[in-house]
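J.: Quick one, what's the 3D model for this:
(one chain, ligands or ions: 1)
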Amino acid sequence: MEFMREFPDDDSCLEWLWRNRCSEDGEHAECPKCERLRSFKKYPTKQRRQSWTCTGCGHHLQPTAGTIFHGSSTSLSLWFYAIHLMTSTKCGLSAKHLERELGVTYKTAWRMLNKIRNELMAQDDDLKLSGEVEIDETYVGGRHRGQFAGLPGDSCAVTSLA
Ligand SMILES: [Zn+2]
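T.: Residues are numbered from 1 along each chain as shown. Below you'll find the model as predicted:
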């Protein structure tokens with residue numbers, strides 16, 4: 001429900017990309033042509049996915065440029081929903097499952113799944129833990145002495161990364 005509230009349609013997905021990839025305040029962005037921060041406006045066009053136009057030079061910025069969504073005929077809201085499902089499902093998601101959830105063909109579901117897994121999630125490799133990693137509240141097993149500090153009934157959540 002929270003996902004649906006935040007991303008009810010394609011426009012909200014595009015706006016999210018715009019604010020997260022190009023413009024923090026939703027209005028100003030670095031124009032590659034002017035080579036400085038400019039004010040951008042989204043003019044209504046017949047384009048399916050609108051772009052933002054530099055008010056200084058007329059240069060168009062497309063928030064999907066360089067992403068796995070660019071040039072895809074699948075709607076942004078379906079892509080976002082697929083990513084939401086894949087990242088919120090602990091045990092992994094099959095293309096068959098995605099096909100059912102999104103109401104797309106198996107071929108489309110399979111292609112989306114692979115793009116998200118191999119291109120989008122692969123970019124997170126930089127975020128993997130490296131160097132000195134501190135782990136606290138580790139409970140490995142052995143004899144039980146005194147009270148266990150974890151949450152009652154939550155035996156999975158005994159390890160947290162600091
Ligand atoms: Zn410009």
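J.: ranges for the helices of this structure?
T.: Here the chain has its helices, by DSSP state H, at 2-6, 10-17, 76-88, 95-102, 106-115.
J.: Need those helices in a markdown table (columns: mean neighbour count, distance to residue 60 and mean pLDDT).
T.: Backbone N, C-alpha and C define where each C-beta goes, glycine included. Output for the helices of the chain, formatted as a markdown table (neighbours: other Cβ atoms under 10 Å; distance: least, Cβ to Cβ, whole Å; pLDDT from 0 to 100):
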| stretch | mean neighbour count | distance to residue 60 | mean pLDDT |
| --- | --- | --- | --- |
| helix 2-6 | 10 | 26 | 93 |
| helix 10-17 | 17 | 13 | 95 |
| helix 76-88 | 18 | 17 | 94 |
| helix 95-102 | 16 | 29 | 96 |
| helix 106-115 | 17 | 24 | 96 |
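J.: so which of these comes closest to the ion?
T.: Comparison of the helices of the chain against the ion by Cβ to the ion identifies helix 10-17 as nearest, at 19.3 Å.
J.: Would you mind listing what in this structure touches the ion?
T.: Within the chain, the positions adjacent to the ion are 31, 33-34, 38, 54, 56-57, 59 by Cβ under 5 Å from the ion.
J.: can you do 8 Å?
T.: Contacts of the chain with the ion, taken as Cβ under 8 Å from the ion, map to 31-34, 36, 38, 54-59.
J.: Going through those residues, which ones are buried?
T.: Buried members of the residues of the chain next to the ion, counted by 16 or more other Cβ atoms under 10 Å: 31, 38, 54, 59.
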